[in-house]
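Asks: need a 3D model of the sequence below.
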Amino acid sequence: MSKLLIPIDFSEFSENAVRYAAQVAADAGQEIDLVHVFSSHSNSYLNAQGDMPLTDPNVPEAEENMKKAVESFQKEFPSATFNPIFRNGNLYDEIKEVTNATPYDAVVMGTKGASGLEAVFIGSNTYDTILNTTTPVLAVPVDCTSYKHDTVGLLCNFKEAELTALQQALPLFKTNYRLVLIHVNTNDRPIKDIDAQFKEWINRIESEIGISDISYIIKPQTLFMRQKESVAQAITSVLLDEQVEILILTKSKKSVFRQLTESNVIKKMAFDIKIPTFFARVLK
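Replies: Below is the predicted model of the structure:
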């Protein structure tokens, strides 16, 4: 049985991620593991001595909250299976340990803001999870409540990791969607050369992944008030124009994702993506 792992702190952000993931699971057939990580234990609780060890009041409160949450989710999604997990420690470290022990199709994490990627980078735990986990991560903005995947976007630089990302997304999204390949022409390459590369790339996607409904966008970096728009702005405009509902990103060293993070683009400006984003894992 394939599974999805969802960190839950009983906030609206994490509960929204659970509801979104439950819709994915209803379509794709995964079980859902809900993990709550205790990170505020004091030394007095951890190092209690004697026959009557102290009990952290956060523990029974979280257990009761988890029980109520599972009952609520089960009522809302009767066909889904929810399994509670409790861990002690740092969120990122515990997610890493859990995913190393059990294979998951993805870790689903709620983001604390209207903008998907911008919000992701506010929390270091989420950033660390995306960048370093060996399991794909699906980041879900709090605004996104309904699972739609009629149109899926893939940032494309014609790297092998992009085909791997599509392969990793298969357990969640299958192949019954329109795939939009998005290439930002930062080097002003001749369009005919990129067109030829896209034709070859689409043939590979059709034969190796099984997706048949594919289109592509070659986006120049247009000028606005005599300044060339950023790569992030160019991508955002395509996502809006094409009404992309899910974005797939690779994390390899030559990917658009790494270019954006290493150039500090996301921290300098709003990368205003208000859609769920699937971050594929990097294969060694």
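
Asks: and the residue most central in space within the chain, how far from Lys228?
Replies: Residue closest to the average C-alpha location in the chain (C-alpha atoms, centre = their mean): Leu138, at 2.1 Å. Distance from Leu138 to Lys228, counting by C-beta to C-beta, to the nearest Å: 32 Å. All C-beta spots, glycine's among them, are computed from the backbone N, C-alpha and C.

Asks: next structured bit after the helix or strand of the chain with the lowest mean pLDDT?
Replies: Within the chain, no helix or strand scores below helix 265-268, which has a mean of 37 by mean pLDDT, DSSP states H and E. For helix 265-268, the following helix or strand on the C-terminal side (DSSP states H and E) is strand 277-279.

Asks: in its sheet, which strands sit next to that next one, and in what direction?
Replies: Strand 277-279 has the following strand partners under DSSP bridges: strand 137-141 (antiparallel), strand 246-249 (parallel).

Asks: and the strands in the stretch 51-200 of the chain?
Replies: Using DSSP state E, counting those that start in this stretch, the strands of the stretch 51-200 of the chain run over residues 82-88, 106-111, 137-141, 151-155, 178-184.

Asks: what angle sits between the last one and strand 151-155?
Replies: With axes from the mean of the first three to the mean of the last three C-alpha atoms, to 10 degrees applied, the angle from strand 178-184 to strand 151-155 works out at 30 degrees.

Asks: and if you look at the second one?
Replies: Orientation check (the same axes, to 10 degrees): strand 106-111 against strand 151-155 gives 90 degrees.

Asks: against which helices or strands is the helix or strand hosting Ile202 packed?
Replies: According to DSSP H and E, Ile202 maps onto helix 191-208. In terms of contacts (3 or more C-beta pairs under 8 Å, 6 or more residues apart in numbering; DSSP states H and E), helix 191-208 is packed against helix 160-173, strand 178-184, strand 214-219.

Asks: if you compare these, which one is most tucked away?
Replies: Stretch with highest mean neighbour count among these: strand 178-184 (a mean of 21; mean count of other C-beta atoms under 10 Å).

Asks: direction included, what does that one pair up with?
Replies: strand 151-155 (parallel), strand 214-219 (parallel).

Asks: now do the last one: everything it contacts.
Replies: When contacts are defined by C-beta atoms under 8 Å, 6 or more residues apart in numbering, strand 214-219 is touched by residues 156, 178-185, 191, 194-195, 198, 202, 205-206, 234-235, 237-238, 242.

Asks: change it to 10 Å
Replies: Strand 214-219 is contacted by residues 151, 153-154, 156, 178-186, 189, 191, 194-195, 197-199, 201-203, 205-206, 229, 231, 233-235, 237-239, 241-242, 244 when judged by C-beta atoms under 10 Å, 6 or more residues apart in numbering.
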